[in-house]
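A.B. asks: From the sequence below, what's the structure:
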Amino acid sequence: MKTSTIAEMLLAATMIFTGCASPQRGDAYGHEQEFRRQLAKTDLVREHGYGVKDLRFSADYKKALVVFADTDSKARPDLEVVLTADDFGRYQGRVLMQPFHPPQATTPLISIVMPRSK
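C.D. replies: Down below sits the predicted model:
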């Protein structure tokens, strides 16, 4: 009888400690449509003729992989950007290689500002 009570108490304590900790997620969690809306306003989409082909988030929503594809023709390759969340609700990243800029040009920063999660 005593052994089963101790086992139940250990099980309950384990469930309390592991079940109560909520995972920390990035601010884009639950706001994917807003994220896509802001991506549509970036320079790559508005000025360079790219569209968002794919958007994937890491499990904790701290990083987003965005694949931009040429909407006018298939002449230009897809561009991949990894946007990383900071502690201020921003996801930022740069395209490493851009066919529409000279090599010495600074690549534009892609910045998405998400509403703060509560």
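A.B. asks: Spatially nearest residue to residue 78, not counting backbone neighbours?
C.D. replies: Closest residue in space to residue 78, ignoring its immediate chain neighbours: residue 69 at 4.9 Å, by CB to CB, 6 or more residues apart in numbering. From N, CA and C alone the C-beta is placed, and that goes for glycine too.
A.B. asks: Over to residue 91?
C.D. replies: residue 83 is the one closest to residue 91 (CB to CB, 6+ apart), at 3.9 Å.
A.B. asks: now that neighbour, what's its secondary structure?
C.D. replies: Here residue 83 is recorded as strand under DSSP: H, G, I helix; E, B strand; the rest coil.
A.B. asks: Where does the residue nearest to residue 78 fall, secondary structure wise?
C.D. replies: Secondary structure from DSSP states H and E places residue 69 in strand 63-70.
A.B. asks: Now do the same contact list for residue 62.
C.D. replies: Taking CB atoms under 8 Å, 6 or more residues apart in numbering, we find residue 62 in contact with 25, 26, 84, 85.
A.B. asks: Let's see that with 7 Å instead.
C.D. replies: 26, 84, 85 (CB atoms under 7 Å, 6 or more residues apart in numbering).
A.B. asks: Tell me how far it lies from residue 94.
C.D. replies: 17 Å (CB to CB, to the nearest Å).
A.B. asks: What's the first helix or strand after the least confident helix or strand in the chain by mean pLDDT?
C.D. replies: Least confident element among the helices and strands of the chain, by mean pLDDT, DSSP states H and E: helix 2-19 (a mean of 68). Using DSSP H and E, the helix or strand that follows helix 2-19 towards the C-terminus is helix 32-39.
A.B. asks: Please work out the angle formed by the directions of that next one and strand 63-70.
C.D. replies: Angle of helix 32-39 versus strand 63-70, following axes from the mean of the first three to the mean of the last three CA atoms, to 10 degrees, is 50 degrees.
A.B. asks: Toward the C-terminus, what is the element adjacent to helix 32-39?
C.D. replies: Remark: after helix 32-39, the chain's next helix or strand is helix 43-46, criterion DSSP H and E.
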